[in-house]
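**Student:** Using only what follows, build the 3D model:
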Amino acid sequence: MGARGIDAGRLDRTDGIAMAIITDTALSLGLWPDGFTLGEGGRTYHYRRS
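**Tutor:** Have a look, this model is predicted:
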């Protein structure tokens, strides 16, 4: 078994679902994706008004 272990795939799917929910909510509020920046804890996504 690799260093990431068995739950790594589940974590990746959970992150994808979470981003889909966040993006869906942002779009419903009239916000559109506008890039991201990399930080120490991961990505920070930016949105702009449509």
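
**Student:** C-alpha only now, for contacts and for neighbours.
**Tutor:** Will do.

**Student:** Output the contacting helices and strands for the helix or strand bottoming out on mean pLDDT in the chain.
**Tutor:** Using mean pLDDT, DSSP states H and E, helix 8-28 stands out as the lowest-scoring helix or strand of the chain, at a mean of 81. Judged by 3 or more CA pairs under 8 Å, 6 or more residues apart in numbering; DSSP states H and E, helix 8-28 has no packing partners among the helices and strands.

**Student:** switch to 10 Å and redo it
**Tutor:** strand 31-39, strand 42-49 (3 or more CA pairs under 10 Å, 6 or more residues apart in numbering; DSSP states H and E).

**Student:** ok and the longest one relative to strand 42-49, angle-wise?
**Tutor:** Orientation of strand 31-39 against strand 42-49 (axes from the mean of the first three to the mean of the last three CA atoms, to 10 degrees) gives an angle of 150 degrees.

**Student:** starting at the chain centroid, how far to the least confident helix or strand of the chain?
**Tutor:** Relative to the chain's own centre, helix 8-28 is displaced by 6 Å; criterion: CA atoms, centre = their mean, to the nearest Å.

**Student:** that older thread, right, and the helices and strands packed on helix 8-28 - which one's nearest residue 17?
**Tutor:** Nearest to residue 17, of all the helices and strands packed on helix 8-28, is strand 42-49, at 15.5 Å by CA to CA.

**Student:** Fine by me, thanks again.
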